[in-house]
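Enquirer: Pasting the sequence and the predicted coordinates here, then a few questions.
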Amino acid sequence: MTDTAAEPLIANHHRDLPDDARDHRYDHHDEEEVDQEVDESALVSPGPFIWGLTICAGVSGLLFGYDTGVISSTLVSIGSDLSSRPLSTFDKSLITSCTSFFALLASPLTGILADQVGRKVVILSADVLFVLGALLQSWTSTVGGMIAGRSIVGVAVGSASFVVPLYIGELSPGKFRGRLVTVSSLFITGGQVVAYIIGWLFSERAGGWRWMVGIGAVPAAVQFFMLFLFLPETPRYLVKAGRKAKAKGVLQKVYGEGVHGGLVEAVLRRVEREMLEEEDAAEGRGSPGVAKSGWKAKVEKVQDNYAQLVIVGGNRRALIIACMLQGFQQLCGFNSLMYFSATIFSLVGFRSPTLTSLSIALTNFAFTLVAFAYIDRIGRRRILLWSIPIMVAGLALCAVAFGFVTLPDEEHAAAASVGTSSSRTWPLVILLAMTTYVAGYAIGLGNVPWQQSELFPLSVRSLGSALATATNWGSNTLIGITFLPMMELFTPVGTFALYAAVCVGAWVSVWRIYPETAGLSLEDVGGVLRDGFGVEESVRRFRGRRRGM
Ligand SMILES: O[C@H]1[C@H](O)[C@@H](O)[C@H](O)[C@@H](O)[C@H]1O
């Protein structure tokens, strides 16, 4: 079906507008309506309630970062502790890749769950799995047990990685949404730094790896109780679930009771209107489950939601953008540094490869802070268009520098020396180039794709975000599996040049189809994508909002 053919399904709310107004997404009618209804310009800061729950929900990001970051040091310290034999290469790759593989499987399923039972329940269930996975890993004495533990953690990571940005995004005022969602990226990258440090501290102790993997249970348990006791469901989910009074109560806390009462009403009206439009549209399509109840209707509704993600033009465009960004986030090769930088640094002759690779994790964290400070002011699109060229420059320099380094076989890496003047210079150039690349990544591509939930309307938000997250984990698995073979097949020069080419592709795609969504309320983003990618118009309107700030 073409985009235009699908439009009547979603444009029911325009039925009472004159024909010419119906044709223009950004006509004055819409603009005034939007600006009058959800005008957040008087908001100065997010407020303690929002900060509290963003930080509490962000702990899942810490677990995500920790569990994905800790595996490299765990693998080198296990020795013969599992199944009474040294780990084979096959064991190692299974242990590493089962986490991302199960994350890939989990996200589309928990995407459905988040719609049926709520966002909060998914975060809580992920916590339980984080705890179980961590305990199983630290207690097991077999390779199979380790793989089972890592797989359980994979399900938790897959669920948490999509639901936490969704949860934060649905609770935040539009004005601060970019920054607040970036907090979860700060937790992820912070978790990776902590994992490197813990890995380094425990790696020399006998059985230290059991502590490395077991420690992850603590923040998960703490988060479980905090969430269980204090944190609310999101107002958007509550409206969807027919609990409007509760939704209003949460919004009052978000905007500050009595301070911005008008805003609370305005946001509620917008969410309700979006829901009514969607119900109208669903009725127009004769969708299942609208009037019916029961399990069969629920299953049909899920199938219908999946179909609507593809059939409805605005949803399809949102899905294309979200999956594209998540795909590029991984295919640009960043996680090959996360998983293998210690190996690379030992090959090029660094005496303390683990410590050197800590600098990669630290740079990632430090520059995510830059994104946190500027993302709402600079905008998602512009921050990507500025930062991806930095990644290309870093990768290109890396490729060139590898051309001047002769790599020893992996087994002889320990004996590689930094004796000659050329071998002293080029490893440092490689380190500098990688740090530059990581800085560019952290500012943009490392975090902007996690803003994904804002692209989707409420009816398909959870599913759409979950599918984009599955793209992330699928590409992550691919990079994990292909990096070492590519280094052999194409040499490091070819591998890093290829990643640079992927980044160029990412830049062009962002430039062509990613509209600016910073500062828009969640209900207004749909309007941007309704008739096309809306890039030019969104940029023009973003500039207008910036002038009005
Ligand atoms: O946003 C995160 C972050 O950039 C991490 O450092 C990276 O390891 C993840 O794959 C990514 O999803």
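Expert: Perfect, thanks for sending it.
Enquirer: and Trp465, how many residues sit next to it?
Expert: Wrong residue type there; residue 465 is Ser, not Trp. 29 (other Cβ atoms under 10 Å). (Each C-beta comes from the backbone N, C-alpha and C, glycine too.)
Enquirer: Need the three-state assignment for it.
Expert: Classification of Ser465 using DSSP: H, G, I helix; E, B strand; the rest coil returns helix.
Enquirer: Let me see the contact set for it.
Expert: Contact analysis of Ser465 by Cβ atoms under 8 Å, 6 or more residues apart in numbering lists 111, 162-163, 165-166, 322, 452-453, 456.
Enquirer: Repeat the analysis, applying 6 Å as the threshold.
Expert: By Cβ atoms under 6 Å, 6 or more residues apart in numbering, the contact list for Ser465 reads 162, 166, 452-453.
Enquirer: quick one: the nearest residue to it once chain neighbours are set aside and Ile344, what's the gap?
Expert: Using Cβ to Cβ, 6 or more residues apart in numbering and skipping the chain neighbours, the partner closest in space to Ser465 is Ser453 (4.5 Å). Counting by Cβ to Cβ, to the nearest Å, the gap from Ser453 to Ile344 is 34 Å.
Enquirer: Those two: which is more packed in?
Expert: Per other Cβ under 10 Å, whichever of Ser453 and Ile344 has more neighbours is Ser453, with 30 against 26.
Enquirer: any weak-confidence spans in this structure?
Expert: Scanning the chain for pLDDT under 70 picks out the ranges 1-38, 258-261, 285-293, 409-423, 548-549.
Enquirer: residue in it nearest to the ligand?
Expert: With Cβ to the nearest ligand atom as the measure, Gly446 is the residue of the chain nearest to the ligand, at 3.3 Å.
Enquirer: Which secondary structure state is assigned to that residue?
Expert: Classified using three-state DSSP, Gly446 is coil.
Enquirer: Based on its surroundings, how many neighbours for it?
Expert: 25.
Enquirer: and it, what are its phi and psi?
Expert: Phi and psi for Gly446, reported as degrees, to the nearest 10, are phi -70, psi -30.
Enquirer: Quick check: it vs Leu87, distance?
Expert: Taken as Cβ to Cβ, the span from Gly446 to Leu87 is 30 Å.
Enquirer: and the closest residue to Phe230 other than its chain neighbours, what element?
Expert: Counting by Cβ to Cβ, 6+ apart, Cys56 is the residue found nearest to Phe230 once chain neighbours are left out, at 7.4 Å. Per DSSP states H and E: Cys56 is located in helix 47-69.
Enquirer: hey, C-alpha coordinates of that helix in CSV?
Expert: Extracted C-alpha coordinates of helix 47-69, given in CSV (Å, rounded to 0.1, in the frame of the first residue of the first chain):
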residue,chain,number,x,y,z
GLY,A,47,12.1,19.1,38.9
PRO,A,48,13.1,16.6,41.7
PHE,A,49,10.3,14.1,40.9
ILE,A,50,11.3,13.6,37.3
TRP,A,51,15.0,13.5,38.2
GLY,A,52,14.4,10.9,40.9
LEU,A,53,12.6,8.5,38.7
THR,A,54,14.9,9.1,35.7
ILE,A,55,17.8,8.2,37.9
CYS,A,56,16.0,5.2,39.4
ALA,A,57,15.0,3.9,36.0
GLY,A,58,18.4,4.6,34.7
VAL,A,59,19.9,1.9,37.0
SER,A,60,18.7,-0.6,34.3
GLY,A,61,21.1,1.2,31.9
LEU,A,62,23.9,0.7,34.5
LEU,A,63,23.1,-3.0,34.5
PHE,A,64,23.0,-3.1,30.7
GLY,A,65,26.4,-1.4,30.5
TYR,A,66,27.9,-3.4,33.3
ASP,A,67,26.8,-6.8,32.0
THR,A,68,27.9,-6.2,28.5
GLY,A,69,31.2,-4.6,29.6
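Enquirer: which ones are touching the residue of the chain closest to the ligand?
Expert: No contacts exist for Gly446 under Cβ under 6 Å, 6+ apart.
Enquirer: tell me, what residue is most central in this structure?
Expert: In the chain, the C-alpha nearest the mean C-alpha coordinate belongs to Trp450, at 3.3 Å (Cα atoms, centre = their mean).
Enquirer: does it really touch Pro165, like I thought?
Expert: Yes - using Cβ atoms under 6 Å, Trp450 is in contact with Pro165, at 4.6 Å.
Enquirer: Give the residues shared as contacts by these two.
Expert: Val181.
Enquirer: So what touches the helix holding Cys56?
Expert: 130, 153, 157, 160-161, 164, 167-168, 180, 183-184, 187-188, 191-192, 194-195, 216, 219-220, 223, 226, 231, 253-254, 256.
Enquirer: can you tell me which of the residues you listed are in helices?
Expert: 130, 153, 157, 160-161, 164, 167-168, 180, 183-184, 187-188, 191-192, 194-195, 219-220, 223, 226, 253-254 (DSSP state H).
Enquirer: one step back: next SSE downstream of the helix holding Cys56?
Expert: Criterion used, DSSP H and E; the element after helix 47-69 is helix 71-77.
Enquirer: Check which helices and strands the helix or strand just after that following helix is in contact with.
Expert: Sequence-wise, the next helix or strand downstream of helix 71-77 (DSSP H and E) is helix 89-116. Where contact means 3 or more Cβ pairs under 6 Å, 6 or more residues apart in numbering; DSSP states H and E, helix 89-116 is packed against helix 119-139, helix 143-171, helix 458-489.
Enquirer: one more time with 7 Å
Expert: With contacts taken as 3 or more Cβ pairs under 7 Å, 6 or more residues apart in numbering; DSSP states H and E, helix 89-116 sits against helix 71-77, helix 119-139, helix 143-171, helix 458-489.
Enquirer: Neighbours of the closest residue to Ser459 other than its chain neighbours, how many?
Expert: Using Cβ to Cβ, 6+ apart and skipping the chain neighbours, the partner closest in space to Ser459 is Glu278 (4.5 Å). When neighbours are counted by other Cβ under 10 Å, Glu278 registers 24.
Enquirer: How about Gly394?
Expert: Other residues near Gly394 number 24, with proximity taken as other Cβ under 10 Å.
Enquirer: Please look at it and Thr436 and confirm they touch.
Expert: Yes - look at Gly394 against Thr436 with Cβ atoms under 7 Å: they come within range, at 3.6 Å.
Enquirer: Name the residues of this protein found near the ligand, please.
Expert: 68, 185, 188-189, 192, 329, 335, 338, 364, 446-447, 450, 476 (Cβ under 6 Å from any ligand atom).
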